[in-house]
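Colleague: based on what follows, work out the 3D shape:
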Amino acid sequence: MKRYFNNIGIIGIPRHDRAFVTHEILYYWLNNKGYNVYVEKKILDKLFLIKPMALSLSGIGKCCNLALVIGGDGNILRAGRALCVYTICMIGINRGNFGFLTDLNYKTIFANLKSILSGKFFIENRFILEVSVYRNNSFIAKSKAINEFVIHPKNATQMIEFDVLINKKFAFSQCADGLIISTPTGSTGYSLSAGGPVLESSLDAIILIPMSPHTLSVRPLIIHNKNIVSLKFHDFPGKLRVTCDSQKILSIKKNDTVVIYKSKYNLSFLHPIKYNYFNILSDKLNWSKKFFPV
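Modeller: Coordinates of the predicted model:
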């Protein structure tokens with residue numbers, strides 16, 4: 001039988017320690033099938049494995065061609081920002097809550113994985129965003145986001161005023177509690193809870209959503225992902241932050257410029273052959289299950 005993947009990484013930090021049993025069962029199941037299985041070093045002390053091969057996230061990215069991410073969407077986001085620079089596919093095994101980005105249910109994992117490893121899968125490449133912060137025209141920091149960047153004050157009760165430029169041309173000014181800049185992947189995350197639209201994951205689009213804007217005329221704005229978005233800030237009290245996927249934080253000062261743009265890297269999701277994005281939405285968002293065939 002043809003082998004599509006030889007080196008497989010097992011990563012992810014579940015919310016509950018009891019979910020680590022999934023890592024152990026998968027490790028031995030894959031080993032018994034003759035795969036080279038590598039475990040993320042960060043979780044090794046939580047597992048009961050015999051002579052495991054352990055690597056860092058970057059090591060798994062360099063060595064493996066498939067990563068099994070166990071947990072919820074947060075684990076996918078953490079792993080994805082590190083692995084996107086390598087030629088590796090990711091598939092999520094849900095041990096979290098919503099699991100918009102996790103395809104496999106751990107209760108039926110072996111039947112699904114057997115099918116996938118036999119070649120019944122397809123790969124979806126999704127773009128990600130990068131942010132660069134400049135101070136006095138000098139670069140000071142950067143990061144990536146799979147879901148979104150959120151620009152907000154450190155004190156959540158403060159309003160900020162900012163200008164938005166698209167491709168260095170003035171677009172609008174806004175007084176708001178912050179601004180969400182989201183990918184289609186992130187359209188089912190923080191963007192959705194702030195009133196943004198759900199976008200099909202394959203769209204080449206970026207969503208800009210002011211948070212609690214101080215005018216009723218403001219609506220989310222969708223632009224092509226080839227555009228470069230720059231933010232400049234007026235006087236504001238306290239400190240500002242750029243939060244990346246709700247996990248990594250960059251600090252901003254008064255005269256800084258924040259530039260957000262499409263990354264040169266993509267995130268490669270591996271899906272079962274029967275994967276349907278709209279079924280995921282229907283299931284997770286509790287849409288109507290009625291279907292009337294023509």
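Colleague: as a check, name the ranges of all strands in the stretch 101-250 of the chain.
Modeller: 104-105, 121-135, 138-145, 148-153, 160-166, 169-176, 178-182, 205-211, 221-224, 229-233, 240-244, 248-252 (DSSP state E, counting those that start in this stretch).
Colleague: determine which stretch of these is the most buried.
Modeller: Mean neighbours per residue, mean count of other CB atoms under 10 Å, is largest over the strands of the stretch 101-250 of the chain for strand 178-182, with a mean of 25. Heads up, the C-betas are built off the backbone N, CA and C, glycines and all.
Colleague: run me through the strand neighbours of that strand, direction for each.
Modeller: Taking DSSP bridges as the criterion, strand 178-182 forms sheet pairs with strand 148-153 (antiparallel), strand 205-211 (antiparallel).
Colleague: ok, and what's touching the lengthiest helix in the chain?
Modeller: Using DSSP state H, we find that the single longest helix of the chain is helix 20-32. For helix 20-32, the surrounding residues in contact (CB atoms under 8 Å, 6 or more residues apart in numbering) are 8, 10, 12, 14, 37, 39, 43, 46-49, 52, 68, 70, 93, 95, 106, 109-110, 113.
Colleague: now, which of those residues lie within strands?
Modeller: Mapping these onto strands (DSSP state E) picks out 8, 10, 37, 39, 68, 70, 93.
Colleague: can you count the residues close to the residue lying closest to the fifth one once chain neighbours are set aside?
Modeller: The spatially closest residue to Leu68, leaving aside those adjacent along the chain, is Ile10, at 5.3 Å (CB to CB, 6 or more residues apart in numbering). Ile10 is flanked by 26 other residues according to other CB atoms under 10 Å.
Colleague: so what's the closest residue to Leu55 other than its chain neighbours bridging to?
Modeller: Nearest in space to Leu55, with sequence neighbours left out and distances taken as CB to CB, 6+ apart, is Tyr38 at 4.8 Å. Using DSSP bridges, the bridge partners assigned to Tyr38 are Gly9, Met53.
Colleague: so what's Tyr38 up against?
Modeller: 7-10, 53-55, 59-60, 63-64.
Colleague: how's this structure carved up into domains?
Modeller: The chain breaks down by automatic domain parsing into domains covering 7-119, 128-264.
Colleague: which one of the ones you listed lies nearest to Asp283?
Modeller: Asp283 lies closest, by CB to CB, to one member of the domains of the chain: domain 7-119, at 9.5 Å.
Colleague: need the strands paired with strand 178-182 in JSON lines with mean pLDDT and distance to Ile280, can you?
Modeller: Shown next, in JSON lines, are the strands paired with strand 178-182 (pLDDT from 0 to 100; distance: least, CB to CB, whole Å):
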{"stretch": "strand 148-153", "mean pLDDT": "95", "distance to Ile280": "18"}
{"stretch": "strand 205-211", "mean pLDDT": "97", "distance to Ile280": "18"}
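Colleague: which of these sits closest to Cys84?
Modeller: Minimum separation from Cys84 across these (CB to CB) falls at strand 148-153, 15.4 Å.
Colleague: rounded mean pLDDT for the longest helix of the chain, please.
Modeller: Per-residue pLDDT values over helix 20-32 give a mean of 94.
Colleague: show me the shaky parts of the chain.
Modeller: For the chain, applying pLDDT under 70 flags the ranges 1, 96, 237, 288-294.
Colleague: could you rerun that using 80?
Modeller: 1-2, 14-16, 18, 96-99, 155-157, 235-238, 288-294 (pLDDT under 80).
Colleague: returning to what we had before: and of the strands of the stretch 101-250 of the chain, who's closest to Tyr261?
Modeller: Of the strands of the stretch 101-250 of the chain, nearest to Tyr261 by CB to CB is strand 121-135, at 6.0 Å.
Colleague: mark which of the contacts of Tyr38 are buried, thanks.
Modeller: Neighbour-count burial (16 or more other CB atoms under 10 Å) is assigned, among these, to 7-10, 55, 60, 63-64.
Colleague: tell me which two of those residues sit farthest apart.
Modeller: Ile10 and Cys63 (12.5 Å).
Colleague: gap between Gly238 and Ser191?
Modeller: 25 Å (CB to CB, to the nearest Å).
Colleague: the more surrounded of these two?
Modeller: Ser191 (26 against 10).
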